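S.K.: Only the shape, not the letters, is given here:
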């Protein structure tokens, strides 16, 4: 199985009561799903969470596929009264090491493919031209 990281969008930010139910729900006891709870009166604070983040759950799920991971959390969130999944945010930029883990290929073979050492196969260019870690999509 692979680990999948994504954000599950919700129909609303969690209320304090829903956060309490979430914290006591066996389906979320392993800590693989987390939330951001905003202050009750955000105008009283100079800094507060991004409102978009309040409608999302951060998920790191082990499952056979991304679809299985999303379905699991979408099903489990219905255990919290009033919450429903409305979408998913999945940042698909990965390193060659992550691609190797997901595909079962070696990092070395992917590095060779990315450098065109096996001929022109259409390997994607990195997403950024910065020094250091390269990300592919």
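M.R.: Structure's in. What do you need? Just so it is clear, the model here is predicted, and its values are computed rather than measured.

S.K.: Please enumerate the strands of this structure.
M.R.: Taking DSSP state E as the criterion, the chain contains strands spanning 2-10, 33-35, 56-63, 85-89.

S.K.: Worst mean pLDDT among those?
M.R.: Across these, strand 2-10 has the smallest mean pLDDT, namely a mean of 91.

S.K.: list the buried ones in it?
M.R.: By neighbour count with 16 or more other Cβ atoms under 10 Å, strand 2-10 contains the buried residues 4, 6-8, 10. Quick note: C-beta positions are derived from backbone N, CA and C, even for glycine.

S.K.: For the residue nearest in space to the middle of the chain, give its distance to residue 78.
M.R.: Among the residues of the chain, residue 6 comes closest to the average C-alpha position under Cα atoms, centre = their mean, at 1.5 Å. Plainly put, residue 6 is 18 Å away from residue 78 if you go by Cβ to Cβ, to the nearest Å.

S.K.: what does residue 121 give?
M.R.: Taking Cβ to Cβ, one finds residue 121 at 44 Å from residue 78.

S.K.: Likewise for residue 124?
M.R.: 37 Å.

S.K.: Give me the contacts around the lowest-mean-pLDDT helix or strand in the chain.
M.R.: Taking mean pLDDT, DSSP states H and E as the measure, the chain has helix 96-103 as its least confident helix or strand, at a mean of 82. Applying Cβ atoms under 8 Å, 6 or more residues apart in numbering, the external contacts of helix 96-103 come out as 2, 94, 105-107, 109-111, 114, 134, 136.

S.K.: next one: phi and psi at residue 115?
M.R.: The phi and psi torsions at residue 115 (degrees, to the nearest 10) take the values phi -90, psi 0.

S.K.: List the buried residues for the least confident helix or strand of the chain?
M.R.: Across helix 96-103, burial judged by 16+ other Cβ under 10 Å covers 96, 98, 100.

S.K.: Same check on stretch 106-122?
M.R.: Neighbour-count burial for stretch 106-122, counted by 16+ other Cβ under 10 Å, picks out 110, 113-114.
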